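Peer 1: coordinates only, sequence not included:
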Ligand code: HQG
């Protein structure tokens, strides 16, 4: 399977497991899972056949481990816009986390803090390098430092997805440090 095919399949999965399952007539359960068999049948019926071996390879080779396979079912580990309960336990975060964004959002973020926008949660990265990559999807990356330990001490709930992304509801501006 070449890299381009892996990316195409991964994007197809993201679209249907995070955002638009009804487009191919699949239903995610409350926690975001769908039987692999149902997914593969629906994909084939909608003109995008994927073999079980390809699916396994995409899940395994994915650099960000975006998908989880368990008991014959698959789900996206995070990033949904459809309502799902990932059922992740609250955990204590490290003292600082990072958020990668771009300059054009900084003024709004200074005012209202980080908001989930079209996703369920604000996504935070465990290190600068990953935050830089997240920001770079949109332009020249700007990395914000998040006082996660302080937020946690103040009662904000942190969860960590299966692929190491940290999820919170909101980061008020007072916990953010902006590059000068
Ligand atoms: C910005 C990818 C204005 C925020 C990545 C970001 C990540 C605000 C954008 C995952 C704002 C939302 C998530 C405010 C936040 N005013 N703009 N108050 N608060 N923003 O894509 O964090 O490839 O929903 O800075 O690698 O960029 O999908 O979030 O620029 O892990 O697996 O609004 O998506 O992973 O954008 O990325 P997104 P994100 P996948």
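Peer 2: Now that the structure is in, tell me what you want to look at. Since the structure is predicted, the reported quantities are computational estimates derived from the model, not experimental observations.
Peer 1: list phi and psi for residue 100.
Peer 2: In terms of degrees, to the nearest 10, the main-chain angles of residue 100 are phi -100, psi 130.
Peer 1: list the contacts of it.
Peer 2: Counting by Cβ atoms under 8 Å, 6 or more residues apart in numbering, residue 100 touches 125, 130, 131, 132, 133, 134, 135, 136, 141, 142, 143, 144. Where C-beta positions appear, they are placed from N, C-alpha and C, glycine not excepted.
Peer 1: and it, bridged to which residues?
Peer 2: Beta-bridge pairing for residue 100 (DSSP bridges): residue 143.
Peer 1: neighbouring contacts of stretch 38-56?
Peer 2: Contacts of stretch 38-56 (Cβ under 8 Å, 6+ apart): 1, 5, 9, 12, 16-17, 23-26, 36, 69, 74.
Peer 1: turn the contacts of residue 100 into JSON lines, including distance to residue 78, secondary structure and neighbour count.
Peer 2: Formatted as JSON lines, the contacts of residue 100 follow (distance: Cβ to Cβ, whole Å; DSSP: H, G, I helix; E, B strand; the rest coil; neighbours: other Cβ atoms under 10 Å):
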{"residue": "125", "distance to residue 78": "12", "secondary structure": "strand", "neighbour count": "21"}
{"residue": "130", "distance to residue 78": "13", "secondary structure": "helix", "neighbour count": "17"}
{"residue": "131", "distance to residue 78": "15", "secondary structure": "helix", "neighbour count": "24"}
{"residue": "132", "distance to residue 78": "19", "secondary structure": "helix", "neighbour count": "15"}
{"residue": "133", "distance to residue 78": "15", "secondary structure": "helix", "neighbour count": "14"}
{"residue": "134", "distance to residue 78": "12", "secondary structure": "helix", "neighbour count": "18"}
{"residue": "135", "distance to residue 78": "17", "secondary structure": "helix", "neighbour count": "22"}
{"residue": "136", "distance to residue 78": "19", "secondary structure": "helix", "neighbour count": "12"}
{"residue": "141", "distance to residue 78": "20", "secondary structure": "strand", "neighbour count": "17"}
{"residue": "142", "distance to residue 78": "22", "secondary structure": "strand", "neighbour count": "20"}
{"residue": "143", "distance to residue 78": "20", "secondary structure": "strand", "neighbour count": "20"}
{"residue": "144", "distance to residue 78": "19", "secondary structure": "strand", "neighbour count": "23"}
